[in-house]
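Student: Build me a structure from this.
(chains A and B)
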Amino acid sequence: ILNVEQSPQSLHVQEGDSTNFTCSFPSSNFYALHWYRWETAKSPEALFVMTLNGDEKKKGRISATLNTKEGYSYLYIKGSQPEDSATYLCAFVPGAGSYQLTFGKGTKLSVIP
Amino acid sequence: SQTIHQWPATLVQPVGSPLSLECTVEGTSNPNLYWYRQAAGRGLQLLFYSVGIGQISSEVPQNLSASRPQDRQFILSSKKLLLSDSGFYLCACSTGLGGYTFGSGTRLTVV
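Tutor: Residues are numbered from 1 along each chain as shown, chains lettered A, B, ... in the order given. Here you go, the predicted structure:
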């Protein structure tokens, strides 16, 4: 059983604050790490697919880093806005050719106006 | 880009009743298809995946089954629902290294 942990479980921040949360995953047999944003009553939306150690990806105010050797990824949100409120999921893909994403339980972010 | 249609959005079914959830995909051909479930307080868990018509792999033993009668159709079924089958069911597809595309989900409550 692959262990993918996300912390914190939930987070409340004020509008305008920057924040970050963590995804930890097995450091062996790594193929890819996905980040998704899941708003209530909507489909999870892919944010990033990261494959290389040291990868940094950015999409607007959201960015992510990847450390495959130590088995963690950080997601950063700069200047949080109420529309950033959602659950952020990371998912680990082990080994080339694997079909299984192993998801963490997510970090639920609430941005207070 | 792919679009997934999944229905119904919510479903309340009695214990022992059958289940059929359907998922169809637009905008791609020969996708890998997946059924995930999120039970209360837990993360998304892969139930089934399919790499082609008639090809189904199950990740966990359970009261459910899946079928892929057409390239872009994936069906999740049960002959007799259990209380423990309650949860949020998501269909997803992938066509390569990119992130998955998800449907909007079905919230199933077994009573």
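Student: So for chain B, the centremost residue is which one?
Tutor: Centroid-nearest residue in chain B, with Cα atoms, centre = their mean: residue B:35, separated by 3.2 Å.
Student: Let me see the contact set for the nearest residue to residue B:52 once chain neighbours are set aside.
Tutor: Take residue B:52 and drop its neighbours on the chain: the residue closest to it by Cβ to Cβ, 6 or more residues apart in numbering or on different chains is residue B:30, 6.9 Å away. Using the backbone N, CA and C atoms, a C-beta is placed for each residue, glycine as well. Applying Cβ atoms under 8 Å, 6 or more residues apart in numbering or on different chains to residue B:30 gives the contacts B:52, B:71, B:95.
Student: what bridges to whichever residue of chain A sits closest to chain B?
Tutor: For chain A and chain B, the shortest gap (Cβ to the nearest Cβ) falls at residue A:46, measuring 2.6 Å. Residue A:46 has these beta-bridge partners by DSSP bridges: residue A:36.
Student: circling back to that earlier point, can I assume the residue nearest to residue B:52 sits in a strand?
Tutor: No. According to DSSP: H, G, I helix; E, B strand; the rest coil, residue B:30 belongs to no strand; its state is coil.
Student: Quick check: residue B:96 vs chain A, distance?
Tutor: According to Cβ to the nearest Cβ, to the nearest Å, residue B:96 stands 10 Å off from chain A.
Student: residues near that residue, how many?
Tutor: Using other Cβ atoms under 10 Å in any protein chain shown, residue B:96 has 9 other residues around it.
Student: That one: what secondary structure?
Tutor: Following three-state DSSP, the label given to residue B:96 is coil.
Student: Residue B:40 and residue B:83 touch, don't they?
Tutor: No. Residue B:40 is beyond contact range of residue B:83, at 11.6 Å (criterion: Cβ atoms under 8 Å).
Student: quick one: low-confidence parts of chain B?
Tutor: Scanning chain B for pLDDT under 70 picks out the ranges B:97.
Student: Now for residue 4, how many residues are close by?
Tutor: I'll assume chain A. Burial of residue A:4 is recorded as 20 neighbouring residues (other Cβ under 10 Å).
Student: my bad, chain B
Tutor: 25.
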